[in-house]
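Participant: structure for this input, please:
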Amino acid sequence: MSLRIATFNLKDFFVPRSDAERAVAVGKFANISANLRRANADVVALQEVGEEQQLERLVKGLADMGYGAPVVGTADKRGIRCALLSRLPVVWSQVHTHDKLPFPRFAEGDPEPFGTRIPLRRGIIHARVESPDLGEVDVMTMHFKSNLPVGFRMADGRERPDTSPAERAESALRSLIQRAAEAVYVRSLVDGVFKSSPDHAVCVLGDLNDVLDSLPVRILRGLGERAKDRLGSCAEILPVAERYSCFHGNDRTQIDHILVSERLFRAVQNFEIYNEALRFHGAHMEPIAPTEDSDHALCVAEFA
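Facilitator: Okay, here's the model as predicted:
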């Protein structure tokens, strides 16, 4: 019996606020349900989930698939959060939250460099599930900070527009620092699992908002770690041309990942990204208009 684990960013899965949005919501529910039925995954990590009632309605519509009560994470200021569905027994689960993430200091006695500037926006869901053939598997799902630049904020809270290459570089670096801090935090959770159980099966997945060879994802996978402590990318078994889960302009990119410990990596049988109908949704603009489809593709890995 195989184990199938999937990740899917639903894109603004909110309760509709108008008749026009209600019409879009019908198609969105159909699109999400079709993707989840196609994946037929035992464990599903979801990102950009809005109100819990939306999730409950979705699970009810998939009742024949056998998913239990969802594990729901904490939301960011925009109201989106992570969630986890499982039709395997959940041994235990928790949601990791932090008002502020620490950032590495250079020397003993250095002050905290960023104070409360780096919050953990969306709680990390950590669940241990029981697989009939592979035993206990720790699944952690997350949605890292976007790679949009983070501008300098004035004392009154307004963001100052960048006016030079150096200022644009600073904004890009602030964004990277936030994702890197999130990656260090999650990596510490992975290290904690390995410390208590060195050969444990671990799966870290979600929308990491960065590519495989970026610093945040490399931190998460393990920098300079022994093979047994590293996390492998399930996408490595796909041809390079097929490794994309999102569009940035005309560029295909993979920012949705399923990373697994050595024990699970040895058991990878298949990996798919449902990107046949994926399209570019345009540049990020607020408010975000609802769409029937997501701007991310569902990714699913199979282990045996």
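
Participant: the longest helix anywhere in the chain - what's its average pLDDT?
Facilitator: Longest helix in the chain by number of residues (criterion: DSSP state H): helix 165-196. Mean pLDDT, helix 165-196: 97.

Participant: do stretch 220-230 as well
Facilitator: 86.

Participant: how far is that stretch from where the chain is centred?
Facilitator: 20 Å (C-alpha atoms, centre = their mean, to the nearest Å).

Participant: residue boundaries of the strands in the stretch 51-200 of the chain?
Facilitator: Using DSSP state E, counting those that start in this stretch, the strands of the stretch 51-200 of the chain run over 71-72, 81-86, 90-96, 124-131, 135-143, 152-153, 159-160.

Participant: who does the fifth one touch, helix- and strand-wise?
Facilitator: When contacts are defined as 3 or more C-beta pairs under 8 Å, 6 or more residues apart in numbering; DSSP states H and E, strand 135-143 sits against strand 3-13, strand 43-49, strand 81-86, strand 124-131, helix 165-196, strand 201-207. Every C-beta, even on glycine, is put in place using the N, C-alpha and C of the backbone.

Participant: if we use 7 Å, what do you get?
Facilitator: strand 43-49, strand 81-86, strand 124-131, helix 165-196, strand 201-207 (3 or more C-beta pairs under 7 Å, 6 or more residues apart in numbering; DSSP states H and E).

Participant: so which residue is dead centre in the chain?
Facilitator: Nearest residue to the geometric centre of the chain (C-alpha atoms, centre = their mean): residue 206, 2.3 Å.

Participant: on the pLDDT front, check it for me.
Facilitator: pLDDT, residue 206: 98.

Participant: oh, and call the first residue 17 from now on, that's how I've got it
Facilitator: Noted, 17 is the first residue going forward, which turns the last one into residue 222.

Participant: that one touches residue 156, doesn't it?
Facilitator: No - between residue 222 and residue 156 there is no contact under C-beta atoms under 7 Å: 8.1 Å.

Participant: state the distance from residue 301 to residue 57.
Facilitator: According to C-beta to C-beta, to the nearest Å, residue 301 stands 32 Å off from residue 57.

Participant: kindly report the same for residue 122.
Facilitator: Residue 122 sits 43 Å away from residue 57, going by C-beta to C-beta.

Participant: try residue 91
Facilitator: Residue 91 is 23 Å from residue 57, by C-beta to C-beta.

Participant: same check on residue 258?
Facilitator: Distance from residue 258 to residue 57, by C-beta to C-beta: 19 Å.

Participant: looking at the two, which one has more neighbours?
Facilitator: residue 57 (25 against 13; other C-beta atoms under 10 Å).
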